[in-house]
Structure formats: C-alpha cells, structure tokens
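Build me a model from this:
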Amino acid sequence: MMKKLLLLLACLLIPVFYPLSSAHAAITIGLEGPITGPYAVFGEQMRRGAMQAIADINVAGGVLGQKLVLEIADDACDPRQAVAVANRMGSEGVKFVVGPYCSGSAIPASKAYMDEGILMITPASTNPALTDEAKDLIFRTCGRDDRQGAADGDYLLKHFKGQRIAIVQDESAYGLGIAQQVQKTLNAGGVQEVLFDAYTPGEQDYSALISKLKRARAQVVFIGGYHTEIGLIARQLKQQGAAIQIVAPDSLMTKEFWTIAGPSGEGVLMSFGRDPRDLPEAKAAIAALRKSGFEPEGYTLYTYAAVQVVVDGIKRAGAPDPMKAAAAIRAKPISTVIGTLKYDAKGDVDGFKYVMYRWHDGNYKEIGE
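Predicted coordinates for the structure are as follows:
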C-alpha cells in the first residue's frame, strides 16, 4: 500500500508538457505556468499571450530566418513541480523560458534554470528575491513587490488617513512578501497596523479571520494573497456585516475574482501597472486576441511582451545563445506591447510604475495613484 501511495505521489509531481509544434524547429520557447490548479486562469492568460506573440512573430518571418515553437509545461504553482519542469526543460535542450507565474515557484525554478543555462523571463512573479541575487539569466516584464507594496502603503497613508488598517496574508512568498512591504511603508509613515495575521489558502470558511478583523475594529484591510481566497473573504465579510474596505495587490487582475466574490467585490481596490490595453503598441495584438474570443486582461500582454524581449535579445545577439541574449537585453531598451522596457543589472524593468484600480459592477477601472 505504501509503495502504491509513493508511486501515485511521484506521478502527481511529473510536469505535464504540451508541445505545440514540430520538434524539428530551430528555436523553442518554453512556457511554464499554472495550466491546472486554483490559479489556472492566469496560466490561460500566459498561454494565450505566448501563443499570440509566437504566431505574430512567425508570420513576420520568425527569428534569424527560423520559426519559433512553443512548449508549454504545467507547474500548477507548486514549487517542487516547478523545479521538475525546469530540469525537464534543460534535458530537452530548451534555452528560453517564459514564466513561472507564482513567486513561490519562480524562485526555486530560477536556480534550476540558471544551472541549466536557460534564460528565464517571468511576466508575473513579483517577489524581489527572484532578481536580487543578480542572476544574469533571470528577467521580468512585471514589477517588484517592494515597489508595489510601497505604492500600496503610500495609497493607504494618503487615502485612509486616520483609519484603522489591518494586514493579513497567506504566508506564500508573494502574499507575505508584499504584506511585509505594506507594513514597512505604513510604519515608516507613522501608522501602526491594528492587526497583522495569516490565513490558510484553500479553505472555504474564513469566519475566524473575519472575527479577528472585527475585534480589531479594522476599517481597512490589506490582503496579501490570491484572488481565489480574497474573493471568498470579500463575500464572507459582506455576509457577516463587516463593512471593511479591502485593498489587494495585482493577483486580482482577472474577472474570476468577481465570479467568486459577486457583488461583495464592489469597491475592492487593487494595484497593478498601467493597463497595456490602452497603449497603441498593443492594438494589433489585442485585436487578434479578441478575434479569437479571448479578452487580454491581466498578464496576457505581459506574457506577449516577455516573448518579444526574448526574441529581441536573440536577434541582437545574432544567435539563440542565452548568455549573449541576456547581455543584449540589458544593453538598450526594447519596444513591446506593454511599452518600452529598459532593464537594470538585476533583470528588473527600470521605472515600473504601479497604480490603483477599483472593482465596480463586475469590471475594474484605473483610478490613479
């Protein structure tokens, strides 16, 4: 019985790959993300963005006269599975990977990618530790949580002055990291949070957490975590008559949040970069994605841009060499569907700016800083 159980667990950790074209193509780009699991909606954003970018690049002639192919691997936002994916990519000779999505997966996977000599660029993993170790082959198209947390903290200080602010988080690399930065910003601004607590992701009943918020007489709560749990917390706050303003980070950039929260999501605030759907550079990509029946919200265009960054690096390097491409990416700004990206020595986008959005009637809209 024990042997059967161990075999089952081993099978569950085997990464699933979805090759989308012939293995004979010269340049393969891997995509690692949560194709399955609670955050699969973001995996779908990544998949759609990468597929559209590669299709558009191939129609325009490919890269150095060669076509691109996409190989998709599911890590389900599981750190162990993410490392297995990275090792598998290396054994198959993949030299460029877009992803992962979750910071908790990206940080351990990045070490494996570095060991394999693979260039990795994530459209969504925001924990600072990912790039703080000056890894030559690791990049992002998104921002960092020390900047996002500071922006969220500054917004709370400015717009909720004198109110009782609580901070809760899911203890993930993403949720805890950004919550600590919000706390640091509030404290530096002379505000002490009335509660700093953790909740367990994946649960269905957050009554105990809500009771703590009510006992602390919180008027505002910053929640570091993912849309699945934040949607439930919003709904249960409403059910328990707790009129507490929710402020959250970029994990709410999907309409699935409203599906979970329903009308209880009304007025919820969240931070994200400027919506690239407003940019003229993204017009053609947006039209193509919408024609296919997919709305390019959230990280769709950030993933498209990640493919563009890789391709630009390969072209400048004159060969699909990860180290040469990485140096080329850092050498000068790159034009993408999310704007012109300039990279610093760590692989972070220089000057990435966060703004706030408000949920209203099933949609979200930018409201400024």
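
When you work out contacts or count neighbours from here on, use the C-alpha atoms and nothing else.
Fine.

quick one, strands of the stretch 151-300 of the chain?
165-169, 195-198, 220-224, 245-248, 269-273 (DSSP state E, counting those that start in this stretch).

Looking at these, spot the one closest to residue 72.
strand 269-273 (25.7 Å; Cα to Cα).

Contacts made by the closest one with the rest, please.
142-143, 148, 152, 246-250, 252-253, 352-359 (Cα atoms under 8 Å, 6 or more residues apart in numbering).

mind listing what the residue nearest to residue 144 when sequence neighbours are not counted touches?
Once flanking residues are discounted, residue 144 sits nearest to residue 126: 4.5 Å by Cα to Cα, 6 or more residues apart in numbering. For residue 126, the contacting residues are 103, 142, 143, 144, 145, 174, by Cα under 8 Å, 6+ apart.

count of neighbours near residue 259?
The tally of other residues near residue 259 (other Cα atoms under 10 Å) stands at 13.

Then residue 75?
Considering only other Cα under 10 Å, residue 75 is surrounded by 32 other residues.

wait, doesn't it sit right on residue 31?
No - counting by Cα atoms under 8 Å, residue 75 does not reach residue 31; the two are 10.0 Å apart.

Report the set of residues contacting both of those two.
In contact with both residue 75 and residue 31: residue 100, using Cα under 8 Å, 6+ apart.

any weak-confidence spans in this protein?
Across the chain, the ranges flagged by pLDDT under 70 are 1-25.

residues in contact with residue 96?
Taking Cα under 8 Å, 6+ apart as the test, what residue 96 contacts is 28, 29, 30, 118, 119, 120, 310, 322.

And for residue 232?
Per Cα under 8 Å, 6+ apart, neighbours of residue 232: 204, 206, 260, 261.

Not counting its neighbours along the chain, what's nearest the second one?
So the one you mean is residue 206. residue 233 (6.4 Å).

how many other residues sit next to that neighbour?
For residue 233, the count of nearby residues is 24 (other Cα under 10 Å).

same thing with residue 273?
Residue 273: 18 neighbours (other Cα under 10 Å).

So what sits opposite it in the bridge?
When assigned by DSSP bridges, residue 273 has beta-bridge partners residue 354.

so where do the strands sit in the stretch 1-150 of the chain?
Under DSSP E, counting those that start in this stretch, the stretch 1-150 of the chain gives strands at 16-19, 27-33, 68-74, 96-98, 119-122, 138-140.

that older thread, same list (the strands of the stretch 151-300 of the chain) but as CSV, adding distance to residue 280.
Formatted as CSV, the strands of the stretch 151-300 of the chain follow (distance: least, Cα to Cα, whole Å):
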stretch, distance to residue 280
strand 165-169, 36
strand 195-198, 41
strand 220-224, 32
strand 245-248, 28
strand 269-273, 16
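
out of these, nearest to residue 43?
Here strand 269-273 is closest among the strands of the stretch 151-300 of the chain (Cα to Cα), at 17.7 Å.

got the CA positions of that closest one in CSV?
What follows is strand 269-273 as a C-alpha-only set of coordinates in CSV (Å, rounded to 0.1, in the frame of the first residue of the first chain):
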residue,chain,number,x,y,z
LEU,A,269,-9.2,48.2,-4.6
MET,A,270,-6.1,46.6,-6.2
SER,A,271,-2.8,47.6,-7.6
PHE,A,272,-1.3,46.8,-11.0
GLY,A,273,0.8,48.5,-13.7
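
Now it: buried residues?
Neighbour-count burial for strand 269-273 flags 269, 270, 271, 272, 273 (criterion: 16 or more other Cα atoms under 10 Å).

Farthest-apart pair in the contacts of residue 126, please.
Using Cα to Cα, the contacts of residue 126 reach their maximum pairwise distance at 142 and 174, which is 13.5 Å.

Give me the common contacts of these two.
125, 126.

coming back round to it: which one of the contacts of residue 232 has the most neighbours?
Going by other Cα under 10 Å, residue 261 tops those with 23 neighbours.

residues contacting residue 209?
So residue 209 contacts residue 199 (Cα under 8 Å, 6+ apart).

Roughly how far does it sit from residue 203?
11 Å (Cα to Cα, to the nearest Å).

In contact with residue 141, which residues are there?
Contacts of residue 141 (Cα under 8 Å, 6+ apart): 121, 122, 123, 124, 302, 303, 305, 306, 341, 348, 349.

Now distance to residue 197 and neighbour count too, for those residues, in JSON lines please.
Listed next are the contacts of residue 141 as JSON lines, based on distance: Cα to Cα, whole Å; neighbours: other Cα atoms under 10 Å:
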{"residue": "121", "distance to residue 197": "32", "neighbour count": "29"}
{"residue": "122", "distance to residue 197": "29", "neighbour count": "29"}
{"residue": "123", "distance to residue 197": "29", "neighbour count": "26"}
{"residue": "124", "distance to residue 197": "25", "neighbour count": "28"}
{"residue": "302", "distance to residue 197": "31", "neighbour count": "26"}
{"residue": "303", "distance to residue 197": "33", "neighbour count": "33"}
{"residue": "305", "distance to residue 197": "36", "neighbour count": "30"}
{"residue": "306", "distance to residue 197": "35", "neighbour count": "30"}
{"residue": "341", "distance to residue 197": "36", "neighbour count": "22"}
{"residue": "348", "distance to residue 197": "30", "neighbour count": "25"}
{"residue": "349", "distance to residue 197": "31", "neighbour count": "21"}
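
All set, thanks.
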